[in-house]
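Colleague: A structural model of the following input is requested.
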Amino acid sequence: MFATVVCAIGRGSRQRMLQLVETARAQLAPNGSLHLVHAVEGLPSSASPDDWAVEVMAAAETRLSEALRSTGTPASIHVRAGNPSQVIVAIAKEIAADLVLIASHRDDVLDRVFGSVVDHVVQRAPCSVLVLRTTR
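Modeller: Numbering: from 1, shown residues only. Alright, predicted model coming up:
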């Protein structure tokens, strides 16, 4: 059991998101803290985001909140703009996470050339990483 768990939520299906939340909750120690993390790529990197960027971030936060509400799971939500692997690792460091939970997906050509988000998180996370594999 882990006291502080980061659960990385990507753009996958609602079913996959709920599976991640349930798996994270199962890894959590009594009175532990769960943190859902979602990174939004492709937003402008200016200090004051435009209306579209604010709307995208709010929609992601709403999606995570609704998933938590449907499972009755208390958690903190972290939605940030940036590279997913960097955002996940940064938040894991900030909150002194004991575990990062992340889902894998089928590799594509870009993953083979540049490496996947999962590869980068496993290599750089300050704690243990649990990879929830896709079913093939």
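Colleague: Verify the contact between Ser70 and Leu18 for me.
Modeller: Yes - if you go by Cβ atoms under 8 Å, Ser70 and Leu18 touch, sitting 7.3 Å apart. For glycine as for every other residue, the C-beta is placed from the backbone atoms N, C-alpha and C.
Colleague: For stretch 15-23, which outside residues touch it?
Modeller: 7-9, 34, 36, 63-64, 67-68, 70-71, 73, 75, 101, 103, 130, 132 (Cβ atoms under 8 Å, 6 or more residues apart in numbering).
Colleague: ChimeraX command for the buried members of those residues?
Modeller: Here is the ChimeraX command that selects only those of the contacts of stretch 15-23 that count as buried (16 or more other Cβ atoms under 10 Å):
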select :7,8,9,34,36,63,64,67,68,73,75,101,103,132
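Colleague: Can you flag which of the contacts of stretch 15-23 belong to helices?
Modeller: Judged by DSSP state H, the subset of the contacts of stretch 15-23 located in helices is Arg63, Leu64, Ala67, Leu68, Ser70, Thr71.
Colleague: In the biggest strand by length in the chain, which residues are buried?
Modeller: For the chain, the longest strand by residue count, based on DSSP state E, is strand 28-40. The neighbour-count check on strand 28-40 (16+ other Cβ under 10 Å) flags Leu28, Gly32, Ser33, Leu34, His35, Leu36, Val37, His38, Ala39, Val40 as buried.
Colleague: which residues does the first one contact?
Modeller: Listed by Cβ under 8 Å, 6+ apart, the contact set of Leu28 reads Met1, Phe2, Val5, Leu34.
Colleague: Can you flag the buried ones in those?
Modeller: Phe2, Val5, Leu34.
Colleague: pLDDT below threshold where in the protein?
Modeller: Along the chain, the parts satisfying pLDDT under 70 run over 44-49, 106-115, 135-136.
Colleague: the strands in it, which residues?
Modeller: Secondary structure of the chain (DSSP E): strands at 2-8, 28-40, 76-81, 99-103, 128-132.
Colleague: need the ones you listed in a markdown table with distance to Asp119, can you?
Modeller: Converted to a markdown table, the strands of the chain look like this (distance: least, Cβ to Cβ, whole Å):
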| stretch | distance to Asp119 |
| --- | --- |
| strand 2-8 | 13 |
| strand 28-40 | 15 |
| strand 76-81 | 20 |
| strand 99-103 | 10 |
| strand 128-132 | 10 |
